[in-house]
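Peer 1: Structure for this input, please:
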Amino acid sequence: MDYKLAIRQGDILFLKIDQIPRNCEKLNTKLIKEGEVSEHCHKINYGNATLYKPYGKSSDNFYLPAEQLIGYLEVTDLAVIGHEEHKPIHLLEGAYAIVQQRIFNPLERGENYGTD
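Peer 2: Now for the predicted structure:
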């Protein structure tokens, strides 16, 4: 699955993809991701958008480790994604993979996931 556009908000990345994979369940929430450090969160503030989560821990439909894939977002019109510490982002109609950002530290020769 290739992506067409990448939009970042803090520690998560929205990658525009062709379609939502079939092995996903629809979620009834506007909360995309809660903060690990603060009580802030990434959420759908406005618009027609639906969140999806892959069944199990598989990321077979995307080229990244399963723990890095948060889920998928289907926007049917326009969606505004908000977070208390970041400017809102506007996502146009389409399907998006939601990815947890990784941070590589060459001095420590290791990586960890970004946190908000």
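
Peer 1: where does this protein dip in pLDDT?
Peer 2: 1-3, 35-39, 56-64, 103-106, 108-116 (pLDDT under 70).

Peer 1: Find the residue at the geometric middle of it.
Peer 2: In the chain, the C-alpha nearest the mean C-alpha coordinate belongs to residue 98, at 2.0 Å (Cα atoms, centre = their mean).

Peer 1: Run a quick check on residue 98 versus residue 75, I expect a contact.
Peer 2: No. Contact between residue 98 and residue 75 fails when scored by Cβ atoms under 8 Å: they sit 11.7 Å apart. Just so you know, the C-beta spots here come from the backbone N, C-alpha and C atoms, and that holds for glycine as well.

Peer 1: Not counting sequence-adjacent ones, nearest residue to the residue nearest to the centre of the chain?
Peer 2: Among residues not flanking residue 98 along the chain, residue 70 sits closest, at 4.1 Å (Cβ to Cβ, 6 or more residues apart in numbering).

Peer 1: For the one you found, pull up the helix or strand it's in.
Peer 2: strand 69-83 (DSSP states H and E).
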